[in-house]
Each structure stands twice: as C-alpha cells, then as structure tokens.
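Chemist: have a look at this fold, sequence not included:
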C-alpha cells in the first residue's frame with residue numbers, strides 16, 4: 001500500500017478506551033491527621049520496630065497502631081484510610097463497569113445502574129507503619145498484602161526540589177514508581193510520582209512499586225498501610241437472580 005508521510009492526530013470522532021490497568025487515587029491528608037502523625041514520627045524511637053517485616057532499606061521503620069495513635073488520633077487516621085480505600089474501590093468498579101457496559105444487554109445495564117451508586121463499603125485496616133528515609137535509602141520493587149495499599153508523605157528534604165531540577169534525561173531521584181505489565185511498544189507500564197508533603201496515594205496491593213534513593217540532606221517521613229474493603233450491598237457482579245432476570249427479559253422481548 002502507499003505510504004502516508006504527513007499524518008497527524010485529529011481523525012475525528014475519537015474515543016479513548018481504557019480497558020486495562022489499575023486505578024491510583026490521590027488525595028490530601030487532613031491537617032489534623034498530619035499533625036497527629038508528625039507527633040508520632042517525632043517520638044518514633046519509642047514505637048515498635050517494623051523493619052524486619054518490610055522490603056525497604058531505610059533508616060527506621062516503625063509500627064503505627066493504637067498505642068502510637070490512641071483515641072481520637074487513631075480514629076481520624078483509620079477514617080482517612082477507610083475513606084481513601086473506598087474511593088479507590090468505587091473508581092475501580094466504575095471503570096470496570098464502563099467497559100462491561102459496552103456489550104451488556106438492556107436488562108443487565110438496568111440492574112447494575114440501579115445499584116452501582118449505592119455502595120455500602122466496609123474497610124478493615126490490616127497494618128500501617130512509618131518510614132524514615134535519609135540519603136541513599138531505597139525500597140526495592142515489591143507488592144503488598146491485603147486488597148488496597150497506599151503511601152502518604154509528611155516530610156521531604158528541604159532541598160529535594162533543587163535536586164529534582166538537576167535531574168537529566170530520566171528523572172527518578174527520591175520518587176516512587178509503579179510498574180504494571182510489560183514494557184512494549186504503545187504500552188505504558190511504569191509511572192513515577194514526586195513525593196509532596198500532604199499527599200496520600202491509594203492503589204491495589206498487588207501493584208508493583210519501588211522507591212528510588214535521594215541524595216539530599218534531611219529526612220523523608222512517609223507512612224504506608226494495607227487494607228481490605230468490601231461492598232456489603234450488591235455490586236457490578238451479577239447474582240444468579242440477576243441472570244434469571246436477564247434471561248426472562250430476553251425471552252419476553254423475543255415474544256414481542
């Protein structure tokens with residue numbers, strides 16, 4: 001066939017379809033929770049060590065539990081993790097349904113649309129821990145347990161922004177990188193983020209990720225966690241009763 005050498009985006013009526021890949025939810029840590037956690041980090045040596053249970057190579061890693069964040073502090077922290085996990089669950093289900101809906105029959109669409117926005121979510125917090133990193137510390141590629149994991153940032157080195165500006169063709173210093181799938185043409189399988197104070201990210205626990213070392217003086221304070229969440233109401237998955245209803249609707253339409 002003849003070669004076309006002058007091609008540009010803009011064919012018209014374009015729709016971008018996202019059939020693959022996990023969602024990542026970014027949110028902001030409430031100021032009160034940031035203050036609670038900073039206090040815990042400032043007294044971190046009094047808290048149980050957690051480094052032997054983790055993949056990271058860091059200055060110190062400690063457990064965050066009820067004794068570290070007692071009473072209202074713990075409730076605020078747990079509420080934040082539950083709320084963020086719920087957002088990831090919701091958006092993941094919506095993306096899944098958006099793709100399924102393309103080929104669903106009318107009754108199937110009616111059933112799911114009647115309940116997808118009426119979720120009753122319950123979240124269990126399995127573990128949470130604090131990470132204190134200094135120059136040269138890193139976290140190798142790994143995944144987590146549970147269903148949803150995440151990371152939040154409370155402090156970064158004062159001059160890390162200047163260090164980022166000095167990066168050349170492949171900036172990575174001090175960043176977190178997520179990896180999913182193969183590195184192939186027309187496919188993006190790696191995604192990097194710069195830590196910023198107050199940011200918190202929620203992602204599927206199975207999603208591979210790693211943290212690059214930085215050179216700047218000072219400490220980076222972050223915390224990580226694992227949760228499991230479920231919808232106590234019906235979800236986008238069809239029950240046997242739903243399937244019977246779809247079958248009966250199809251039979252009724254066939255008779256009309």
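Modeler: Noted; the coordinates are in hand. Bear in mind that the values here come from a model prediction, so they are computed numbers and not experimental data. Numbers count the residues shown, from 1 in each chain.

Chemist: all contacts plus neighbour counts: C-alpha atoms, from now on.
Modeler: Fine.

Chemist: all strands for the protein, in order.
Modeler: With DSSP state E as the definition, the chain shows strands at residue ranges 25-28, 60-63, 121-133, 139-142, 148-155, 176-179, 190-193, 199-204, 208-211, 220-231.

Chemist: quick one, helices of this protein?
Modeler: Ranges of helices within the chain are 31-42, 71-101, 106-113, 160-166, 240-255, based on DSSP state H.

Chemist: so which of those helices is nearest residue 187?
Modeler: helix 71-101 (18.6 Å; Cα to Cα).

Chemist: so how far is residue 221 from the residue most central in space within the chain?
Modeler: Closest residue to the average C-alpha location of the chain: residue 203 at 1.8 Å, with Cα atoms, centre = their mean. Using Cα to Cα, to the nearest Å, we find residue 203 at a distance of 19 Å from residue 221.

Chemist: before we move on, the earlier item: possible to save the strands of the chain as a markdown table with mean pLDDT and distance to residue 243?
Modeler: Shown next, in a markdown table, are the strands of the chain (pLDDT from 0 to 100; distance: least, Cα to Cα, whole Å):
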| stretch | mean pLDDT | distance to residue 243 |
| --- | --- | --- |
| strand 25-28 | 95 | 32 |
| strand 60-63 | 94 | 46 |
| strand 121-133 | 95 | 24 |
| strand 139-142 | 95 | 39 |
| strand 148-155 | 97 | 29 |
| strand 176-179 | 96 | 36 |
| strand 190-193 | 95 | 38 |
| strand 199-204 | 96 | 29 |
| strand 208-211 | 97 | 36 |
| strand 220-231 | 96 | 20 |
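
Chemist: nearest to residue 166, of those?
Modeler: Smallest distance to residue 166 across these (Cα to Cα): 16.5 Å, for strand 190-193.

Chemist: what lines up beside that closest one in the sheet?
Modeler: Strand 190-193 has the following strand partners under DSSP bridges: strand 176-179 (antiparallel).

Chemist: would you mind listing the buried residues in the partner strand?
Modeler: Neighbour-count burial for strand 176-179, counted by 16 or more other Cα atoms under 10 Å, picks out 176-179.

Chemist: out of those, the closest to residue 57 would be?
Modeler: Distances from residue 57 to the buried residues of strand 176-179, taken by Cα to Cα, are shortest for residue 176, at 14.1 Å.

Chemist: give the contact list for the spatially closest residue to that closest one that is not a sequence neighbour.
Modeler: Spatial nearest neighbour of residue 176, chain neighbours left out: residue 211 (4.4 Å); criterion: Cα to Cα, 6 or more residues apart in numbering. Residue 211 makes contacts with 138-141, 174-177, as judged by Cα atoms under 8 Å, 6 or more residues apart in numbering.

Chemist: any stretches of this structure with poor pLDDT?
Modeler: Applying pLDDT under 70 to the chain flags the ranges 1, 4-10.

Chemist: partners of residue 155 in the sheet?
Modeler: Counting by DSSP bridges, residue 155 forms beta bridges with residue 221.
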